[in-house]
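Student: Sequence and predicted structure, then a few things I'm wondering about:
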Amino acid sequence: MARKRRQTIRSAGVVMLRFDQAEVRVLLVRRRRQDDWTLPKGRVRRGENWRAAARREAWEEAAVRFGDSRRLVEIAWCDRRGRTRRIRYWRSTRLKACDFQPTTEIAESAWLCRSEAEARVSSLRDRRAIRRAVKGVLVAGK
């Protein structure tokens, strides 16, 4: 009997940044089921590219649209079920926000200063993406 080949689970996320009073702010969302704070992210759908998935997730989870973005980092790991997972994060500072409305998946969203965002996220992967995004923006002077 042929062994079923496991596919890599692909996800895309976005680190949304804005500047308030010379301070960088990061957008986080609070997921209901996990009761944690995270960056907007989710699985890449069949036929969808990574960047399009990041845009869709930002809209679905935080009611934010972004145009200009840069690929930030890709992280791979095996989850507790032994599945290979990959997440690609994008960074964006150009955005159009609409009024956020809670959903069955996302309870709330918040713009937090970098240190508070890093402290609040539960995932080391998210923390790493936030650090890299903020550092990249400050170095580039954007």
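Tutor: Arrived safely.

Student: for the closest residue to Arg70 other than its chain neighbours, what are its contacts?
Tutor: Nearest non-adjacent residue to Arg70, counting by C-beta to C-beta, 6 or more residues apart in numbering: Arg91, 5.1 Å away. (Glycine included, C-beta is placed from N, CA and C.) By C-beta atoms under 8 Å, 6 or more residues apart in numbering, the contact set of Arg91 is Val14, Val15, Leu17, Ser69, Arg70, Leu72, Arg132, Ala133, Gly136, Val137.

Student: Does the third one touch Ser92 like I think?
Tutor: Yes. Applying C-beta atoms under 8 Å as the test, Leu17 and Ser92 come out as touching, 7.1 Å apart.

Student: low-confidence ranges in this protein?
Tutor: 1-6, 138-142 (pLDDT under 70).

Student: would you list every one of the strands in it?
Tutor: Here the chain has its strands, by DSSP state E, at 9-20, 23-31, 36-38, 41-43, 64-66, 70-78, 84-92, 95-97, 106-113.

Student: To Ser123, which of those strands lies closest?
Tutor: Ser123 sits nearest to strand 36-38 of all the strands of the chain, at 6.3 Å, using C-beta to C-beta.

Student: and the closest one, which residues are buried?
Tutor: For strand 36-38, burial by neighbour count (16 or more other C-beta atoms under 10 Å) applies to Trp37, Thr38.

Student: got it, and stretch 67-81?
Tutor: Ser69, Leu72, Val73, Ile75.

Student: got it, and stretch 49-62?
Tutor: For stretch 49-62, the buried set under the neighbour-count rule, 16+ other C-beta under 10 Å, comprises Trp50, Arg51, Ala53, Ala54, Arg55, Arg56, Glu57, Ala58, Glu61, Ala62.

Student: Go through those residues and say which is closest to Ser115.
Tutor: Closest approach between those and Ser115, by C-beta to C-beta: Ala62, at 20.3 Å.
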